[in-house]
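K.L.:
Structure, please.
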Amino acid sequence: MRGHRLTAGLLATIVIALVSAGCSGLKARDNINSGTAAFKSGDFASAVDHFKTAVELDPKIPNVRIYLATAYLQQYVPGNNSPENTKYADAALDELNKQLAEDPKNLLATEYVANIYYTRNEAAKAEEWNKKVIELDPNNKEAYYTLGVVAWQQFLVPDREALIAEKKQVGDGPIKDPKAKQALKDKYYQSLTQGVEYEKKALSIDPEYENAMAYMNLLIRYRADLDDTRDQYLADAKEADSWVDKTMETKKRKAAKKAEKDAGGAMPDAK
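P.N.:
Numbering: from 1, shown residues only. Modelled structure (predicted):
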């Protein structure tokens with residue numbers, strides 16, 4: 001009889017737990033719906049409150065923490081380093097890291113983290129996390145593109161300082177001071193070259209990826225400041241110019257396709 005009572009008590013506990021879990025799940029989904037509605041209307045603070053409640057009620061709902069992180073990020077302004085602003089990015093990172101702790105291969109969460117570090121100009125972490133994106137999605141053109149951009153951004157300021165010291169601008173020829181040029185070469189030439197390869201990879205995935213073309217131009221043009229000879233510099237400048245031309249041609253081609261589509265799939269006959 002004692003065993004029967006224990007079993008009955010255990011069954012009653014399980015039933016109560018299941019009913020409670022069901023109610024919590026329904027309430028969590030109601031909050032997700034309310035949070036989504038608030039998000040769509042631009043009330044991101046209310047969206048945060050609803051998504052936060054959903055997480056508290058049922059943290060196992062797929063991507064619920066990503067919903068919450070997204071609402072935080074809508075209130076974050078990149079480039080503004082005030083504590084009031086950065087708290088939103090920090091809160092988003094906290095939720096995304098919790099999501100990834102449970103689901104390490106969540107591509108969307110990984111992309112979000114990579115983008116946060118990129119917008120915060122944290123180059124090393126942006127590079128680390130975009131590489132993680134590529135591990136999960138080898139055909140992610142945006143991750144390859146971003147890695148190329150980061151390489152260029154790292155070089156931009158020291159290159160500018162070296163040119164200013166020689167009263168020059170980009171396009172005026174390579175840096176003349178051999179000591180300054182070698183120091184920059186040792187630190188940045190390999191990363192700039194790797195940046196070019198990243199943009200090439202992005203273009204192999206999408207041959208009409210204009211952003212990658214634009215940074216092919218910038219990476220090659222700025223890397224030319226480290227060239228040893230004027231002839232080498234001019235050859236690199238010519239290659240950089242070719243990417244400007246390709247970018248413009250691609251934009252024109254896309255604009256023509258869009259105009260044709262907007263016109264109903266065919267251009268009117270000339271009269």
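K.L.:
quick one, phi/psi of the closest residue to residue 78 other than its chain neighbours?
P.N.:
Take residue 78 and drop its neighbours on the chain: the residue closest to it by C-beta to C-beta, 6 or more residues apart in numbering is residue 119, 3.9 Å away. Glycine gets a C-beta too; all of them are placed from N, C-alpha and C. When read as degrees, to the nearest 10, the backbone of residue 119 gives phi -70, psi -20.
K.L.:
and residue 119, what pLDDT?
P.N.:
Reported pLDDT at residue 119 in the predicted model: 95.
K.L.:
if I look at it, how far off is residue 43?
P.N.:
23 Å (C-beta to C-beta, to the nearest Å).
K.L.:
what do you get for residue 215?
P.N.:
From residue 215 to residue 43 the distance is 37 Å (C-beta to C-beta).
K.L.:
What of residue 52?
P.N.:
14 Å.
K.L.:
go on, residue 55?
P.N.:
18 Å.
K.L.:
So for the two, which residue has more residues nearby?
P.N.:
Between residue 55 and residue 43, residue 55 has the larger neighbour count (other C-beta atoms under 10 Å), namely 21 against 15.
K.L.:
List the buried residues in the host helix or strand of that one.
P.N.:
For residue 55, the element it lies in under DSSP states H and E is helix 44-57. By 16 or more other C-beta atoms under 10 Å, the buried positions in helix 44-57 come out as 44, 46-55, 57.
K.L.:
How about stretch 236-255?
P.N.:
236-237, 240, 243, 246-247.
K.L.:
Just those residues: which are in helices?
P.N.:
Residues of the buried residues of stretch 236-255 located in helices (DSSP state H): 236-237, 240, 243, 246-247.
K.L.:
For the residue nearest to residue 103 when sequence neighbours are not counted, list the residues it contacts.
P.N.:
In space, not counting the residues next to it along the chain, residue 103 is nearest to residue 109; the distance is 7.3 Å by C-beta to C-beta, 6+ apart. Residues in contact with residue 109 (C-beta atoms under 8 Å, 6 or more residues apart in numbering) are 63, 65-66, 69, 96, 99-100, 103.
K.L.:
where exactly do the helices run in the stretch 101-250 of the chain?
P.N.:
107-119, 123-136, 141-165, 178-184, 190-205, 210-223, 230-262 (DSSP state H, counting those that start in this stretch).
K.L.:
just how off-centre is stretch 143-157 within its chain?
P.N.:
Centroid displacement of stretch 143-157 relative to its chain, using C-alpha atoms, centre = their mean, to the nearest Å, is 12 Å.
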